[in-house]
Structure formats: structure tokens, C-alpha cells
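1. Fold the stuff below for me.
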Amino acid sequence: MNKKKLLVGGVVLLCALFGYAYFDADDSEETSIYAEVTKGTFINEVIISGEVQSTSLKKINGPKNVRKFKLRDIKIQDLIPEGTIVNAGDYVGRLDPSGVNEQIIDAKLNLESAQSKFTQEQIDTTLSLKQERNSIKDLEFRIEQSRLELKQSIYEPPATIKKLEIELAKNERDLKEKKDNYFIIRKKAIAKMVEVGTEVSKIKKTLGELEKLQQDFTIHTDSPGMVTYAKTWDGSKKKVGSTVSMWDLTIVTLPDLSKMQSKTYANEVDIRKIKNGLPVTIGFDAFPDLELEGEVTQVANVGESKRGSDIKVFQVLIKLKENDKSVKPGMTTSNAILIDKQENVLKIPLESVFSKDSIQYAFVKKGFGIEKRQVKLGMSNLNEVIVLEGLKEMEEVSLNLPEGMEDKAIKMLEK
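-> Okay, the predicted model is just below:
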């Protein structure tokens, strides 16, 4: 009888304890979501998007002479589609020639004016030199006549002879002076003709250069490759309607598809983790199943402002270690930069970590209750954190703050 009473009493007591533990734990557990402490490989990555580009580009430029003729902001009138495969000599595009056409019209008008001036100067020079030569001939006739009269005056009075001698001397002096003047006038006329002729030649040369420039406004490639549109200073692509500056004449580029890289930008927090030589797994938005291996080759030391924001970003260049024919310049990439990798470590989700007064702790499921326990943590990534002390594999931790546990005491780590 006593044994039966003891047995019944024990069962009742056990049920009471079970019910207490169950209902006491239920209040804190019913709203909790748990995750298991796992052991395995921890990967710390920085994942940033970027764009495929070639490390070697052949630039196809507009005509250089636009600088000489001060043609600013020339519009692109036509371009072949981006991605077109071209051979040397193929048509690429055309620039708006309206500016050069205006200068050609002006040059032609100037040439007509200069040629007319040259012709007029030529006529005036011919007439003036002819008059001077006729004057010289007239003086020579007069001198010859004076000599003949002097020769026939041997029987004339001395005064008459003296007068004829003086007149002959004067005519001879006038002839010498006339010849000297003719030499000067002729030299001056030649110089004037050269000046006017030079102006004509100069305008003809300018006109020829303008007509050649007009032809060069039709752009052809001198190398084979795949056409990609050049970019402006703000990163936008040049296209039909865009303008070309005399200081940046690049219209399109021909990338070397065997030398590709991913160009991306990291924020101020992530850039501290990224170093040259880190391995990268590169994905492509256009090909979700394609992944290529890469390596960080350049990390900018100076940040630059992001358009429309005060946020500073740092350029990171990632070399593709392997090539794939489907990868083209301009494609969007997802770059997973491996910062660190550790094997056989304990991990828990970041959501399961709480902190108070620099003490980090987790809510650990213990029997039918929850224990608020201090944890020592290591490196973290976007989703997980390494547990150095305080937890064991396969224990369960709460992903949210259990109801009624906020003011519970923390079970501290043993020192």
C-alpha cells in the first residue's frame, strides 16, 4: 500500500514538474525561431556589381584637323550598332559636317576674291611696267636724236653746240634714273604679285584641307574587331546625337576580347578588406549559369564621388583568368571577392547575436527553457559569424528576442 502511494505521489510530482517546465518555457518559446549551431566552412566575401571591359582598347577617332579649324561639339550623325564585328576599312559612322561645310563655303568665296585680286594686280602690274618701258624707249630715242643733232652742229656757234651737249647729258641722266626707277618698280610689282599669289595658294591649301576633313567626317576603322561605343567623362555612352569634343575625338573602341576585366566600385567599408591578389568568382547577369575565376589586380587609393550622392566609392579592377566567347564588354557582373575562408569552425546566423554594454550573447535553447549566454565571436560576413567560445555544435539559438527574456541575467563565460 505504501509502495502504491509513493508511486502515485511520484507520478503526480513528475507531472507537476513537467507541466511547470512546459508552461514556463512556453511563454518564451512560442514566439521564438531557432537556428542550429553548425560546423563547417566559413566564407567571408564582398559581393559588388561591376561591368565587363577590355584591358586593351583600340580607339577609333574622328579627324584630328577639327582642332585646327576650331570645330567644337560635333554631333554624331550615324553609328553602326554596338557589338558589330568589323574588318579593317569598314564603315563605322558619320559626324555632322555642317560646321565644316560652312567653312568650305567661306573658303571658296575667299578664294574667288583672292583670285580676282590676283588677276587685277597682274593687269595693273603689266600696264604700269609697260608704261615705264615705253618711257625708257622714248628717252633712248631722244638721246639718239640729240647725239645726231650734236654731230651735225660742228659748224654752229659754240653756244648752240653747248646747249645741245647739255640737253644730251640731261637726257642720258634721265634715262639712267628712269632705268633705276624701272628696276625698283618692277621689284615692287613682283613682290606684290607674290604676296597676292601666296594668299591665293594659302586659301587653296585651306580649302583642300577642309574638303579632305569633310571626307574624314565619314569614319572607317583601320583594324578588325567588335565595335563598342566610347564613353563620355560622366560614364554615359556616345551614341547618335551625342557630341564629340575636339579634345576627345574617340567615337568607338575595338576591345581585345582576349584581355578582359571587370571594373567595379567598392564603398568605404568594404574597400578596407579588398587587396590585390584576392580571388574572385565572377557571375554574369546575362548568363546566370556562367561563373569565371578572376583576381583583384588594382585597388584605388583615392575615392571618387558617386553621381547624385555624397558617398565615396573606390575603383576596383578584377582580371578574368579565363575567357568565354559569350562574355562581351559592357555586360553586368556580380563579383564575389573572397576575403577569408576558414574550415571546421562553429557558425551561427548574425540575427542570433545580441549585445549589451559591449557583451555579446545569444539565447540558447536548453531543455524546455532558454538560457541567455555570453558568446565570444570571430569574423563575420553578411549572414553568419564565427563562434569562438560559448556554444557547441548542434545547439539551437534564437533568431529573435524571446518574450520576457530581455531582463534575464547573462550566463558569463568562464575565465
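
2. what's the helix or strand for residue 179?
-> If you go by DSSP states H and E, residue 179 is part of helix 158-216.

3. Helix or strand next in line after that helix, which one?
-> Using DSSP H and E, the helix or strand that follows helix 158-216 towards the C-terminus is strand 218-220.

4. Which strands and helices lie in contact with that next one?
-> With contacts defined as 3 or more C-beta pairs under 8 Å, 6 or more residues apart in numbering; DSSP states H and E, the secondary structure elements packing on strand 218-220 are strand 91-95. Backbone N, C-alpha and C define where each C-beta goes, glycine included.

5. between the helix or strand following the strand it packs on and helix 158-216, how big is the angle?
-> Along the chain past strand 91-95, the next helix or strand (assigned with DSSP H and E) turns out to be helix 98-152. Angle, helix 98-152 to helix 158-216, by axes from the mean of the first three to the mean of the last three C-alpha atoms, to 10 degrees: 170 degrees.

6. Show me what helix 98-152 is packed against.
-> Contacting helix 98-152 under the criterion 3+ C-beta pairs under 8 Å, 6+ apart are the following elements: helix 158-216.

7. Give me the angle between the helix it packs on and strand 91-95.
-> In this structure, helix 158-216 runs at an angle of 120 degrees to strand 91-95, with the same axes, to 10 degrees as the basis.

8. Report all helices and strands that helix 158-216 contacts.
-> Secondary-structure packing of helix 158-216 (3+ C-beta pairs under 8 Å, 6+ apart): helix 98-152.

9. circling back to that earlier point, and the helix holding residue 179, how far from the chain's centre?
-> For helix 158-216, the distance between its averaged C-alpha position and the chain's averaged C-alpha position is 60 Å (C-alpha atoms, centre = their mean, to the nearest Å).

10. pLDDT on that helix, on average?
-> On average, the pLDDT along helix 158-216 is 91.

11. cool, and stretch 245-255?
-> If you average the per-residue pLDDT over stretch 245-255, you get 90.

12. Stretch 276-294 now?
-> Mean pLDDT, computed over stretch 276-294, is 95.

13. Stretch 301-318 now?
-> Over the span of stretch 301-318, the pLDDT mean works out to 86.

14. Can you measure across that stretch, start residue to end residue?
-> End-to-end distance of stretch 301-318: 15 Å, with C-alpha to C-alpha, to the nearest Å as the criterion.

15. Over to stretch 400-415?
-> The separation between the terminal residues of stretch 400-415, taken as C-alpha to C-alpha, is 28 Å.

16. Stretch 322-330 too?
-> Termini of stretch 322-330 sit 17 Å apart (C-alpha to C-alpha).

17. Pull out the buried positions in it.
-> Going by neighbour count (16 or more other C-beta atoms under 10 Å), the buried part of stretch 322-330 is 327-329.

18. Also stretch 82-96?
-> Counting neighbours by 16+ other C-beta under 10 Å, one finds that the buried residues in stretch 82-96 are 86, 90, 92-93, 95-96.

19. the bottom helix or strand of the protein by mean pLDDT?
-> When each helix and strand of the chain is scored by mean pLDDT, DSSP states H and E, helix 2-29 comes last, with a mean of 45.

20. Need the buried residues of stretch 82-96 in CSV (columns: pLDDT).
-> Formatted as CSV, the entries for the buried residues of stretch 82-96 read as follows, by pLDDT from 0 to 100:
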residue, pLDDT
86, 91
90, 94
92, 94
93, 95
95, 95
96, 94
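
21. Please tabulate those in a markdown table, including the columns distance to residue 362.
-> As requested, those are arranged in a markdown table below (distance: C-beta to C-beta, whole Å):
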| residue | distance to residue 362 |
| --- | --- |
| 86 | 62 |
| 90 | 66 |
| 92 | 63 |
| 93 | 63 |
| 95 | 67 |
| 96 | 68 |
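
22. the helices in the stretch 201-350 of the chain, which residues?
-> When assigned using DSSP state H, counting those that start in this stretch, the stretch 201-350 of the chain turns out to have no helices.

23. For residue 172, give its distance to residue 137.
-> 15 Å (C-beta to C-beta, to the nearest Å).

24. more neighbours, those two?
-> Applying other C-beta atoms under 10 Å to residue 172 and residue 137 shows that residue 172 carries more neighbours, namely 16 against 12.

25. wait, that one sits on residue 143?
-> Yes. Counting by C-beta atoms under 8 Å, residue 172 sits close enough to residue 143 to count as a contact (5.9 Å).

26. give me every residue that touches residue 67.
-> Shown in contact with residue 67 (C-beta atoms under 8 Å, 6 or more residues apart in numbering): residue 246.

27. Phi and psi next, for it.
-> Its backbone dihedrals place residue 67 at phi -70, psi -40, with angles given as degrees, to the nearest 10.

28. Quick check, pLDDT for it.
-> The pLDDT attached to residue 67 in the predicted structure is 88.

29. try residue 232
-> As predicted, residue 232 sits at a pLDDT of 85.

30. Repeat that for residue 1.
-> According to the model, residue 1 scores 43 on pLDDT.

31. Could you check how far residue 196 is from residue 114?
-> 7 Å.

32. My error: substitute residue 374 in the last question.
-> From residue 374 over to residue 114 (counting by C-beta to C-beta), the distance is 96 Å.

33. Compare the two and say which is more crowded by neighbours.
-> Neighbour totals were compared for residue 374 and residue 114, and residue 114 leads with 19 against 15 (other C-beta under 10 Å).

34. mind listing what residue 186 touches?
-> With contacts defined as C-beta under 8 Å, 6+ apart, the neighbours of residue 186 are 129, 132.

35. typo on my end, it should be residue 203
-> By C-beta under 8 Å, 6+ apart, the contact set of residue 203 is 107, 110-111, 114.

36. cutoff 10 Å now
-> For residue 203, the residues meeting the contact criterion (C-beta atoms under 10 Å, 6 or more residues apart in numbering) are 106-115.

37. what's the answer for residue 61, then?
-> By C-beta under 10 Å, 6+ apart, the contact set of residue 61 is 219, 230, 244, 248-253.

38. Just the closest of these to residue 159, please.
-> Out of the contacts of residue 61, the one with the shortest distance to residue 159 is residue 249. That distance is 89.2 Å, counting by C-beta to C-beta.

39. Alright, calling it a day.
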